[in-house]
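Peer 1: model this:
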Amino acid sequence: QVQLLESGGGLVQAGGSLRLSCAASGLSFSFYNIGWFRQAPGKEREVVGRITWLGGATDYADSVKGRFTISRDNVRKTVYLQMNSLKPEDTAVYYCAAQLRYTERYTYWGQGTQVTVSS
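Peer 2: Sure, this is the predicted structure:
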(Lines give C-alpha, C1' and ligand atoms only; values in the text may rest on other atoms or scores of the structure.)
Protein backbone atom coordinates (compact mmCIF):
# COMPACT_ATOMS: atom_id res chain seq x y z
CA GLN A 1 0.00 0.00 0.00
CA VAL A 2 1.44 3.33 -1.07
CA GLN A 3 1.48 6.06 1.52
CA LEU A 4 2.73 9.62 1.50
CA LEU A 5 2.80 11.27 4.89
CA GLU A 6 3.41 14.98 5.29
CA SER A 7 4.59 16.49 8.54
CA GLY A 8 6.13 19.68 9.87
CA GLY A 9 3.27 22.10 9.42
CA GLY A 10 2.26 24.57 12.06
CA LEU A 11 1.83 28.18 13.01
CA VAL A 12 4.65 30.62 12.33
CA GLN A 13 5.02 34.38 12.23
CA ALA A 14 5.64 36.19 8.99
CA GLY A 15 9.31 36.08 8.11
CA GLY A 16 9.78 32.76 9.85
CA SER A 17 10.66 29.34 8.51
CA LEU A 18 9.24 25.85 8.45
CA ARG A 19 10.43 22.59 6.99
CA LEU A 20 7.87 20.14 5.73
CA SER A 21 8.63 16.48 5.21
CA CYS A 22 6.98 13.98 2.91
CA ALA A 23 7.76 10.39 3.87
CA ALA A 24 6.91 7.74 1.31
CA SER A 25 6.34 4.03 1.65
CA GLY A 26 5.12 1.24 -0.58
CA LEU A 27 6.60 2.53 -3.84
CA SER A 28 9.90 2.59 -5.69
CA PHE A 29 10.59 6.06 -4.43
CA SER A 30 13.63 6.82 -6.55
CA PHE A 31 11.55 6.38 -9.73
CA TYR A 32 9.11 9.12 -8.78
CA ASN A 33 9.09 12.85 -9.21
CA ILE A 34 7.66 14.45 -6.09
CA GLY A 35 5.59 17.59 -6.21
CA TRP A 36 4.48 19.95 -3.49
CA PHE A 37 1.09 21.61 -3.80
CA ARG A 38 -0.96 23.87 -1.59
CA GLN A 39 -4.54 24.91 -1.25
CA ALA A 40 -5.73 27.94 0.64
CA PRO A 41 -9.34 28.30 1.83
CA GLY A 42 -11.60 29.25 -1.04
CA LYS A 43 -8.84 28.89 -3.61
CA GLU A 44 -7.84 26.25 -6.09
CA ARG A 45 -4.94 23.96 -5.46
CA GLU A 46 -1.70 25.29 -6.88
CA VAL A 47 1.69 23.83 -7.49
CA VAL A 48 4.49 24.97 -5.23
CA GLY A 49 7.34 23.07 -6.84
CA ARG A 50 8.72 19.74 -7.87
CA ILE A 51 11.84 17.63 -7.61
CA THR A 52 12.67 15.07 -10.24
CA TRP A 53 13.38 11.43 -9.71
CA LEU A 54 16.84 11.49 -11.21
CA GLY A 55 19.38 13.99 -10.11
CA GLY A 56 16.95 15.99 -8.06
CA ALA A 57 16.38 18.87 -10.47
CA THR A 58 13.85 21.30 -9.08
CA ASP A 59 11.44 23.92 -10.32
CA TYR A 60 9.23 26.31 -8.38
CA ALA A 61 6.23 28.52 -8.71
CA ASP A 62 7.16 32.17 -9.14
CA SER A 63 5.43 33.01 -5.89
CA VAL A 64 7.88 30.92 -3.85
CA LYS A 65 11.03 31.09 -5.95
CA GLY A 66 14.00 32.16 -3.87
CA ARG A 67 12.20 31.45 -0.60
CA PHE A 68 11.35 27.74 -0.81
CA THR A 69 13.72 24.85 -1.45
CA ILE A 70 12.82 21.25 -2.24
CA SER A 71 15.26 18.42 -1.58
CA ARG A 72 15.08 14.66 -1.38
CA ASP A 73 16.75 11.77 0.41
CA ASN A 74 16.18 8.61 -1.59
CA VAL A 75 17.62 6.44 1.18
CA ARG A 76 15.10 7.75 3.69
CA LYS A 77 12.41 7.98 0.96
CA THR A 78 11.66 11.49 2.09
CA VAL A 79 11.26 14.81 0.34
CA TYR A 80 11.62 18.10 2.16
CA LEU A 81 10.17 21.53 1.56
CA GLN A 82 12.19 24.21 3.29
CA MET A 83 10.16 27.37 3.52
CA ASN A 84 11.87 30.62 4.49
CA SER A 85 10.68 34.21 4.65
CA LEU A 86 7.13 33.02 5.03
CA LYS A 87 4.30 35.37 4.23
CA PRO A 88 0.66 35.32 5.33
CA GLU A 89 -0.30 34.44 1.77
CA ASP A 90 1.62 31.19 2.15
CA THR A 91 -1.07 30.01 4.54
CA ALA A 92 -2.57 26.82 3.12
CA VAL A 93 -2.76 23.07 3.42
CA TYR A 94 0.37 21.67 1.82
CA TYR A 95 0.33 18.35 0.02
CA CYS A 96 3.00 16.19 -1.52
CA ALA A 97 2.29 13.95 -4.47
CA ALA A 98 4.18 11.31 -6.42
CA GLN A 99 4.44 11.18 -10.21
CA LEU A 100 6.01 8.14 -11.82
CA ARG A 101 8.87 9.11 -14.11
CA TYR A 102 7.94 9.71 -17.76
CA THR A 103 4.25 10.08 -16.89
CA GLU A 104 2.09 13.16 -16.44
CA ARG A 105 -0.32 12.31 -13.67
CA TYR A 106 0.38 12.55 -9.97
CA THR A 107 -0.83 9.15 -8.85
CA TYR A 108 -0.38 9.26 -5.12
CA TRP A 109 -1.20 12.06 -2.71
CA GLY A 110 -0.61 12.70 0.96
CA GLN A 111 -3.27 13.86 3.37
CA GLY A 112 -1.81 17.34 3.74
CA THR A 113 -0.38 19.42 6.54
CA GLN A 114 -1.60 22.86 7.60
CA VAL A 115 0.73 25.84 7.44
CA THR A 116 -0.49 29.07 8.97
CA VAL A 117 1.54 32.26 8.75
CA SER A 118 0.47 35.08 11.02
CA SER A 119 1.13 38.71 10.22
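Peer 1: just checking, what packs against the one helix or strand V48 maps to?
Peer 2: Under the criterion DSSP states H and E, the helix or strand holding V48 is strand 46-51. For strand 46-51, the packing partners by 3 or more CB pairs under 8 Å, 6 or more residues apart in numbering; DSSP states H and E come out as strand 32-39, strand 58-60, strand 68-73, strand 78-83. (Each C-beta comes from the backbone N, C-alpha and C, glycine too.)
Peer 1: distance check, the residue most central in space within the chain against S21.
Peer 2: By CA atoms, centre = their mean, the chain has its centre lying nearest to W36, at 2.9 Å. With distances taken as CB to CB, to the nearest Å, W36 is found 11 Å from S21.
Peer 1: report how many residues lie close to the closest residue to G49 other than its chain neighbours.
Peer 2: In space, and not counting its chain neighbours, G49 is closest to Y60: 4.0 Å by CB to CB, 6 or more residues apart in numbering. Around Y60 there are 17 other residues, counting by other CB atoms under 10 Å.
Peer 1: do G55 as well
Peer 2: For G55, using other CB under 10 Å, the count is 7.
Peer 1: got the phi/psi numbers for it?
Peer 2: Main-chain dihedrals, G55, degrees, to the nearest 10: phi 90, psi -10.
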